[in-house]
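1. missing the sequence, but the structure's below:
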């Protein structure tokens, strides 16, 4: 698991510090990267600005660590979900459903994260590492399906996974801007039909 900001992270605060990070995430989703100040987090969490400075050091370090927590939680959740299924197709369906049901708050966080990463080399490295981890259970499910004979892929495995994940993540701006519902069934059906075609498998189990 990538530890975003590990070179800067402090240890003070323990469990309370983790709870504060969750508040930072919420404030970031609401106010954005540029608009989130220590005072905003202090008001949301009930923790004094001086304590926040003791926990995180600079404002930038606090925000970077909050980005890391939010994205790492999403990666862990996807991996835990994947582990619940033996059948590779059902595993893929469950992961697609999980991805497409991502909350607006999380999408906003990712939007802020990636926007900030576009201007920060360190954030770009962590974003790439987290993205690779997010793709891992998809890749594993496709690999197991091929090995069992359930899938006969029409394309390279890496390309299939990349397109599937990109199609899920492609909801970010439409959902955040209110142009599309987070759980649009027609969108989901198209994603699964596209995936079934790429893997040469039946779509009957996709519903």
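-> Looks like it came in fine. Since we're looking at a predicted model, the values are computed, not measured. Numbering: from 1, shown residues only.

2. Enumerate the residue intervals of this protein where per-residue confidence is below the cut-off.
-> Judged by pLDDT under 70, the chain has its weakly predicted residues at 1-13, 182, 202-207.

3. can you give me the helices in it?
-> 14-31, 38-45, 49-56, 59-82, 88-100, 104-117, 121-148, 157-169, 172-176, 185-199 (DSSP state H).

4. name the helices or strands packed onto the second one?
-> So the one you mean is helix 38-45. Using 3 or more C-beta pairs under 8 Å, 6 or more residues apart in numbering; DSSP states H and E as the contact criterion, the elements in contact with helix 38-45 are helix 14-31, helix 49-56, helix 59-82. For the C-beta atoms, the positions are set from N, CA and C on the backbone; glycine is no exception.

5. hmm, 6 Å instead?
-> Using 3 or more C-beta pairs under 6 Å, 6 or more residues apart in numbering; DSSP states H and E, the elements in contact with helix 38-45 are helix 14-31, helix 49-56.

6. May I see the buried residues of it?
-> Neighbour counts using 16 or more other C-beta atoms under 10 Å place 38, 40, 41, 42, 44, 45 of helix 38-45 among the buried residues.

7. Format those as JSON lines; extra columns: distance to residue 137.
-> Written out in JSON lines, the entries for the buried residues of helix 38-45 read as follows (distance: C-beta to C-beta, whole Å):
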{"residue": "38", "distance to residue 137": "37"}
{"residue": "40", "distance to residue 137": "35"}
{"residue": "41", "distance to residue 137": "32"}
{"residue": "42", "distance to residue 137": "38"}
{"residue": "44", "distance to residue 137": "33"}
{"residue": "45", "distance to residue 137": "33"}
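
8. Of those, just say which sits nearest to residue 103.
-> Compare each of the buried residues of helix 38-45 with residue 103 using C-beta to C-beta and the shortest gap goes to residue 44, at 17.7 Å.
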